[in-house]
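Engineer: one predicted model, sequence on top.
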Amino acid sequence: GMAGVTASAATYPLDLARGRITGKLAGADKKKHYSGIIRTVVLTAKEEGIGALYKGVTPTLMGALPYEGIKFGTVGVLEGMFPKDPNSDNQVLIYRKVLFGGCGGIMAGLITYPNDTIRRMLQLQGSRGTTDVYEGYWDCVKKTYARYGFQRFYHGVTVNIIRMAPNTAIQFGSYEILKQLTDKML
């Protein structure tokens, strides 16, 4: 909950730098302007002000709680639909948690991806190689929908799902392994 929101806010300039470095931003000379984390943070602050390091932070913070809720909620629903077999060995329980965790990541990623799209668009606005300017979150949503339609909010979702499914599968599988280890120790 709040720990995740605090961590996201504290490290947000690094997320912005990553977005700009990977955002395919180039000038008329086709040369990329952002080439490293520190250089990107310094260049952004110098050219756009310190506040620019937090462009797009609102959707990040707004999206953290629903993402985690959907992820854990999906795992909870699956655990209710497919209860543990009391005769299952520990290995089966780990695989079960890995599978459910992967499903939770996919579900959370699909539902919250439009928010990620808006976050990235807000991060890139005003940076070198872009001309788009938004007055805030809802202005970005309205302009994006008007210009590109609904499908733009899901541009790149496949790569995100390919990344999130194993990420959350490992998260939940690791949790189950550590839980089993601590249960043995107690």
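Structural biologist: The structure has been received and is ready for your questions. Numbering: from 1, shown residues only.
Engineer: CA atoms for contacts and neighbours, from now on please.
Structural biologist: Noted.
Engineer: give me the residue at the spatial middle of this protein.
Structural biologist: Centroid-nearest residue in the chain, with Cα atoms, centre = their mean: residue 116, separated by 6.4 Å.
Engineer: ok, now which ones touch that one?
Structural biologist: Each residue near residue 116 by Cα atoms under 8 Å, 6 or more residues apart in numbering is listed here: 59, 60, 63.
Engineer: list the buried residues in the helix-or-strand element of the chain with minimal mean pLDDT.
Structural biologist: When the helices and strands of the chain are compared on mean pLDDT, DSSP states H and E, helix 2-21 comes out lowest with a mean of 79. The neighbour-count check on helix 2-21 (16 or more other Cα atoms under 10 Å) flags 8, 9, 12, 13, 14, 15, 16, 17, 18, 19, 20, 21 as buried.
Engineer: looking at these, which is nearest residue 176?
Structural biologist: Compare each of the buried residues of helix 2-21 with residue 176 using Cα to Cα and the shortest gap goes to residue 8, at 25.2 Å.
Engineer: about what we covered before: how about the buried residues of helix 2-21 in TSV, adding distance to residue 85?
Structural biologist: Converted to TSV, the buried residues of helix 2-21 look like this (distance: Cα to Cα, whole Å):
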residue	distance to residue 85
8	38
9	41
12	42
13	46
14	44
15	42
16	45
17	47
18	44
19	44
20	48
21	48
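Engineer: nearest to residue 157, of these?
Structural biologist: Closest to residue 157, out of all of these and judged by Cα to Cα, is residue 19, at 15.5 Å.
Engineer: low-confidence ranges, this protein, go.
Structural biologist: Counting by pLDDT under 70, the low-confidence segments of the chain come to 1, 3-4, 23-33, 128-129.
Engineer: ok so, going back, centre of the chain to the least confident helix or strand of the chain, how far?
Structural biologist: Averaging C-alpha positions (Cα atoms, centre = their mean, to the nearest Å) puts helix 2-21 10 Å from its chain's average.
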